[in-house]
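Participant: Okay, here's the prediction I keep looking at, along with the sequence it came from:
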Amino acid sequence: MNATTDKYIIELIEKLISKTDINEVKWEATSRNNQFLLKINSGAFIIEKNTYPASRDKPLISFKILDEIGDEIERIEQTLPLLYDLKKDSQTTKELDNLINKLYVKAEANVHKPINDSLKKILNELDIFSNSKK
Amino acid sequence: MLLSDSSHVSHLIAEIQGYLREEKLELAHLRMKDLKRHLISFKQTERFKKNISVQKINSNLTNLSTHINNISVVISKTSDTQIDLQTINQDIELLLELIIEFEQKTKNEKLK
């Protein structure tokens, strides 16, 4: 990737984080564990956690940009910290790593939000019910 | 796209679902790639464009592509990935519904 593409991707991920934060977008769980998908009209995004034999203690996050039929256009993979020094632009690499980590956490929360909201409602109702019995 | 093409796709979908039920991932993977190719060419036809929304077909194609990639990762054993075959089967079922919707609309068009 060149510097301009890096800049656009950083901007894109920051936008996705803020849209996910305010629930303006809806991520979906997929057939794979630890993988979330967000579709928009012009394409889609995947954020996923991978455990490779070389990184068993620390799963690595990947962010993929897909075209409108789901073919991969671009992929950002988290770098193992020990490889930072080997990267040409380690500052950008660290920034991208932090952002995709943050996006993964937000996307996971976004997917689980409807279930958690429903559970909260049920618990509230049960609390009201048991309080009224007292 | 002709109705005979859509019936071929319906058979292909039934074949994939059978392979998924039997956990024959390599065969399901191959047939799912065939299905994707068919759907991409259907998508270009005027009759399909007229009857099925582009957004709907693209959304289904994105799900299909994601499942194809996920099965590929499981087959190649490059990471400790687990996939839920039931979710894949459900999405394949939605594709079948889309093809049935297309067949119905095309038949109704002919009756007019």
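Facilitator: Sure thing, it's come through.
Participant: low-confidence ranges in chain A?
Facilitator: Within chain A, the set of residues satisfying pLDDT under 70 comprises A:1, A:53-57, A:80-89, A:133-134.
Participant: Tell me the residues of it that contact chain B?
Facilitator: Counting by CB under 8 Å from any CB of the partner chain, the residues of chain A lying close to chain B are A:30-33, A:35, A:37, A:39, A:41, A:44, A:46, A:50-52, A:66, A:68-72. For every residue, glycine as well, the C-beta is placed using N, CA and C.
Participant: what's stretch B:18-32 in contact with?
Facilitator: B:12, B:15-16, B:64, B:67-68, B:71-72, B:74-75, B:85, B:88-89, B:92 (CB atoms under 8 Å, 6 or more residues apart in numbering or on different chains).
Participant: So which residues of chain B form strands?
Facilitator: Under the criterion DSSP state E, chain B carries no strands.
Participant: Any idea which helix or strand in it has the lowest mean pLDDT?
Facilitator: Using mean pLDDT, DSSP states H and E, the weakest-scoring helix or strand in chain B turns out to be helix B:46-51, at a mean of 86.
Participant: Output that helix as PDB - backbone C-alpha positions only.
Facilitator: The C-alpha coordinates for helix B:46-51 follow below in PDB (Å, rounded to 0.1, in the frame of the first residue of the first chain):
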ATOM      1  CA  GLU B  46     -32.000  -7.900 -18.400                       C
ATOM      2  CA  ARG B  47     -34.700 -10.300 -17.200                       C
ATOM      3  CA  PHE B  48     -32.900 -10.800 -13.900                       C
ATOM      4  CA  LYS B  49     -32.300  -7.100 -13.400                       C
ATOM      5  CA  LYS B  50     -35.900  -6.400 -14.100                       C
ATOM      6  CA  ASN B  51     -37.200  -8.900 -11.500                       C
END
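Participant: So for that helix, what gets flagged as buried?
Facilitator: B:47-48, B:51 (16 or more other CB atoms under 10 Å in any protein chain shown).
Participant: Please apply the same query to stretch A:41-53.
Facilitator: A:43-51.
Participant: Mind putting these into TSV with secondary structure?
Facilitator: Putting the buried residues of stretch A:41-53 into TSV (DSSP: H, G, I helix; E, B strand; the rest coil) gives the following:
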residue	secondary structure
A:G43	strand
A:A44	strand
A:F45	strand
A:I46	strand
A:I47	strand
A:E48	strand
A:K49	strand
A:N50	strand
A:T51	coil
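Participant: tell me, what residue is most central in chain A?
Facilitator: In chain A, the C-alpha nearest the mean C-alpha coordinate belongs to A:Y104, at 2.5 Å (CA atoms, centre = their mean).
Participant: and that residue, what does it touch?
Facilitator: A:36, A:47-49, A:61.
Participant: now it: how far from chain B?
Facilitator: 15 Å (CB to the nearest CB, to the nearest Å).
Participant: what's the neighbour count on the residue of chain B found nearest chain A?
Facilitator: Nearest residue of chain B to chain A: B:S65, at 2.8 Å (CB to the nearest CB). Using other CB atoms under 10 Å in any protein chain shown, B:S65 is surrounded by 20 other residues.
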